[in-house]
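**Student:** Kindly generate the corresponding structure for this input.
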Amino acid sequence: MFRRWVPVFALLWLALVAYMGWNIFTSTSDDKTEEVVAQLGQCKRRLAANSLDHLHSQIRDLKQELEETKRKLSAATGDHSNARNSEKECPPCEKPQCPKIAADDTSARTSDGPWTQTKNIRKREKLRRRLLNTVREMWFYIRRQLGKVKSSAGGDTKTGVTNIMEDLQDYYQAAAVDIVGLGDEGGMKEWRQGQANLASSMINKRIEKLQNPSDCSAAKRLVCDIGKGCGFGCQMHHVFYCMSTAFGTGRTFIMQGQSWSYSRSGWNGVFLPSSEKCESFGTSFNMWKGDSDSSDVVKMPIIDGVNPRPKSLPLAVPTEFIDIIEGFHTYPSVYWFGHLARYIMRYTPTIKQSFEKRLEDMGFKHPIVGIHVRRTDKINTEAAFHAVPEYMVHVEEWYRELERTTKVDKRRVYLASDDPNAINEARKAFPDYEFLNDKSSSMSAGVGARYSEEGLKGVMFDIEVLSRTDFLSCTFSSQVCRVAYELMQVIHIDAGDKFRSLDDIYYFGGQRGHDQRAIYPHTSRDGTLEMQVGDVFGVAGNHWDGYSKGTNRRTGRVGMYPSYKVEEVQQTYDAVQVQA
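**Tutor:** Alright, predicted model coming up:
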C-alpha cells in the first residue's frame, strides 16, 4: 500500500513544479504577471484539495496496516499481550519475553517469524526515508529555481514569486511532517527505539570486550599517537580512525597521549583511558603493514599516508551491525562512527561535572538548535565566509516545521563560534530568538589561545553542547561540526538528517570513495549526466539545489545529476572476532 501512494504523491509535486516552470520561464512580458500568479494560485489550491487529503487518507490506511503487522508479530512469537499497552512493547531482547530479532539471529532467517517481519518493517522504513529525501530535494530544487526568478524580477512579479515560495514551503513542510509522522505511527517509534537500543548495546559490548582483554600481554594491540599536527576536530578524527582500524583487525586500541599540544596533563587529563585493563604496549612496536599483520603491537600512521589502506576505513561499517542499523538510521556510517566517538570522548568525572554545571547555568533546554559559525584561520583557505543570517535560514525552517506539531515556548539557539562578535551579530539581527553562548569558549577559540587548557575545554564544551541540540546548522567543512554531528547520533534514534550544511556533505578526511547508485534513469539535458539504473557515482558533493556533483563510473563523465534519483552505496567489512 505504501508503495502505491509514493509515486502518486511525487507525481503531484512534479506536476506542480513542471507547471510552474513552464509558465514562469516562458513568460517574458510583464503583462503576463497576473495570469502567471493566478495560475499558480489555482495549482496550489488543487494540490491542497487533492494531494494532501490523499496523503492523510493513506497515512490512516498505513497505520492500520502497521497495527496488523504488530498483531502478526505478536502471534508469531507467542506474545498475546495487548499491542496497545506501551509497557509490553519493550525493545527487542531487553526483556525475556521479547523476540530475538537481532541482525545475527541466523536461526530465524529461514522462517516466516520475527526475522521476516523485521525485514519487512526495515524495508518499509527505508522507503519512508527515501520518500522524505525526495520531497526535501524537490523543495531544494523549487527554492533555487524560484530564487533565480525572484532575483531577476521586479514589482508585482517579485512579490508574487515571494508569496508562492512561502506557500510552497508550507506545502513541503506539511508533507515532511506527515512523512516523519509515519515513523511514529502504529508502534513504529517504539520499534525504532528498540532497534536503536539493540544496535547500541551490540556495538558497546563488542567495544568493551575488545578494549578490556583478560590478558593484556597476550592481546594484539594498536597504538595511536594523539600528536597529529592539526586542530582539535582533526585530532579527534585521527583517533576515531585509529579506533576503527583496531576494531577491524581485532586489536585493543591504546592511546599514546602523554604529550599533547592541547594539554600538559595529556589525554587522561580530560578523557577516560581507552582501556581499564590494557594501557601499556612496552617499548617495542612495528609500524602498520596491513590488516593481516601478525605483529603483537602495531602503530598507526596518519590517515593521509597510510599504506596499505585498512579495510575498515570510513565510511565502511562492520558487517555484523549493518542489517540492524540500516533498518532505522539514515546514515549507518555516521551512526557507527558516532559510537566510536562517544566511547573515545568519555570525560573524566571532573570535566563531566563542570560541563553539566555550565549547561545548567546558561539555561540550556529543549527545543534548541545548534549553530557553529566558523571563522578566523580557515576562511578563504578551507571554507568561505558565511554571515549569521545564512545559518538562520535553516533555523527558521526547522522551527516552522516543529511548530506545526509542537507548542514552542521560545525559539532557542546555541551559537558556538571562534569569533566572539558572532553572538552580538546574531542577537542584533534576530531579537525574537534566545541565543545561548559560552563566552569563555568563544574567547579561547581564537588562534592565539586555541592550544591551551582553556582552549581545549572550550572546544570540548562547544562540541558537547552542539551534539545535544535538536538540529545543527553549520558547515561540514569544519571538523568541529562533524564531530558534534557524529556524537549526536548516539543521543537520537536517527539524527542522520538533523542538520543543514552551508557547504559540504558529511565526509571523513582520508575516507574511501563515497559512492551512490542510480535507482531511476535520467536523460541528459542542460549539461546533466545521463543515468541508467544501477550506475554508480563517485560523489563530490550535494549542491543543495536538487542536484549533486560526481563521476559516473560507467561512463567516466563528471557533472551534475538529480540527487533524488540515487541511493547510498554502503561499504562494509568483516571485523576480526576476538575470543574472550
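
**Student:** which stretches of the chain aren't confidently modelled?
**Tutor:** 1-116, 377-381, 442-450, 580 (pLDDT under 70).

**Student:** longest single helix anywhere in it?
**Tutor:** In the chain, with assignment by DSSP state H, the single longest helix is helix 114-152.

**Student:** Nearest the middle, which residue of this protein would you pick?
**Tutor:** Among the residues of the chain, the one closest to the centroid is Gly496, at 2.5 Å (C-alpha atoms, centre = their mean).

**Student:** how about the helices of the stretch 101-250 of the chain, start to end?
**Tutor:** Ranges of helices within the stretch 101-250 of the chain are 114-152, 155-182, 188-211, 232-249, based on DSSP state H, counting those that start in this stretch.

**Student:** what's the most buried one of these?
**Tutor:** helix 232-249 (a mean of 23; mean count of other C-beta atoms under 10 Å). C-beta here means a position set from N, CA and C on the backbone, and glycine is covered the same way.

**Student:** what is the orientation angle of it with helix 188-211?
**Tutor:** Here helix 232-249 points in a direction 80 degrees away from that of helix 188-211 (axes from the mean of the first three to the mean of the last three C-alpha atoms, to 10 degrees).

**Student:** The residue nearest to the centre of the chain reaches Tyr331, doesn't it?
**Tutor:** Yes: Gly496 is within contact range of Tyr331, at 4.1 Å (criterion: C-beta atoms under 8 Å).

**Student:** what inclination does the longest helix of the chain have with respect to helix 188-211?
**Tutor:** Going by the same axes, to 10 degrees, helix 114-152 makes 110 degrees with helix 188-211.

**Student:** Tell me if Gly541 really is in a helix.
**Tutor:** No: counting by DSSP: H, G, I helix; E, B strand; the rest coil, Gly541 is not found in a helix; it is strand.

**Student:** check contacts around Trp398.
**Tutor:** Contact analysis of Trp398 by C-beta atoms under 8 Å, 6 or more residues apart in numbering lists Val369, Asp470, Phe471, Ser473.

**Student:** give me the element it is part of.
**Tutor:** Trp398 belongs to helix 388-402 when assigned by DSSP states H and E.

**Student:** buried set for stretch 502-520?
**Tutor:** Neighbour counts over stretch 502-520 (16 or more other C-beta atoms under 10 Å) mark 502-504, 506, 508-511, 514-518 as buried.

**Student:** so of those, which ones are in strands?
**Tutor:** Members of these lying in strands (criterion: DSSP state E): Asp515, Gln516, Arg517, Ala518.

**Student:** want to try TSV for those, with distance to Lys365 as columns?
**Tutor:** Putting those into TSV (distance: C-beta to C-beta, whole Å) gives the following:
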residue	distance to Lys365
Asp515	41
Gln516	38
Arg517	42
Ala518	44
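
**Student:** Among those, which one sits closest to Phe364?
**Tutor:** Nearest to Phe364 out of those is Gln516 (C-beta to C-beta; 36.9 Å).

**Student:** I'd guessed the closest one sits against Gln570; true?
**Tutor:** No: using C-beta under 8 Å, Gln516 makes no contact with Gln570, being 10.4 Å away.

**Student:** related to what we said a few turns ago, closest one to Ala196 out of the buried residues of stretch 502-520, please.
**Tutor:** Lowest distance from Ala196 to these (C-beta to C-beta) belongs to Tyr506, with 19.1 Å.

**Student:** Would you check that the closest one makes contact with Ala484?
**Tutor:** No: proximity of Tyr506 to Ala484 does not meet the contact threshold set by C-beta under 8 Å, at 11.6 Å.

**Student:** what's the angle from the helix or strand containing Tyr414 to helix 388-402?
**Tutor:** According to DSSP H and E, Tyr414 maps onto strand 412-417. With the same axes, to 10 degrees as the basis, strand 412-417 and helix 388-402 are set at 150 degrees to each other.

**Student:** the inter-axis angle of the next helix or strand after strand 412-417 versus helix 388-402?
**Tutor:** Next in sequence after strand 412-417, counting helices and strands by DSSP H and E, comes helix 422-429. Here helix 422-429 runs at an angle of 60 degrees relative to helix 388-402 (the same axes, to 10 degrees).

**Student:** returning to that earlier point: okay if I get the buried residues of stretch 502-520 as CSV plus distance to Leu359?
**Tutor:** Below are the buried residues of stretch 502-520 laid out as CSV (distance: C-beta to C-beta, whole Å):
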residue, distance to Leu359
Leu502, 26
Asp503, 29
Asp504, 29
Tyr506, 26
Phe508, 28
Gly509, 30
Gly510, 33
Gln511, 32
His514, 35
Asp515, 39
Gln516, 38
Arg517, 42
Ala518, 45
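
**Student:** now, which of these sits nearest Gln256?
**Tutor:** Gln256 lies nearest to Gly510 out of the buried residues of stretch 502-520, by C-beta to C-beta, at 19.4 Å.

**Student:** Next up, the contacts around the closest one.
**Tutor:** Contacts of Gly510 were listed using C-beta under 8 Å, 6+ apart, and they are Tyr241, Ile303, Asp304, Val306, Leu313, Pro314.

**Student:** re earlier: now go through the contacts of Trp398 and say which are in strands.
**Tutor:** Mapping these onto strands (DSSP E) picks out Val369, Phe471, Ser473.

**Student:** number of nearby residues for the first one?
**Tutor:** To tie it back to what came earlier, the one meant is Val369. 26 (other C-beta atoms under 10 Å).

**Student:** Was I right to think it contacts Phe471?
**Tutor:** Yes: with contact defined as C-beta under 8 Å, Val369 and Phe471 form a contacting pair (4.7 Å).

**Student:** list residues touching both of these two?
**Tutor:** Val395, Trp398.

**Student:** Please produce JSON lines containing the ones in strands among the contacts of Trp398, extended by distance to Gly231.
**Tutor:** Output for those, formatted as JSON lines (distance: C-beta to C-beta, whole Å):
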{"residue": "Val369", "distance to Gly231": "24"}
{"residue": "Phe471", "distance to Gly231": "24"}
{"residue": "Ser473", "distance to Gly231": "21"}
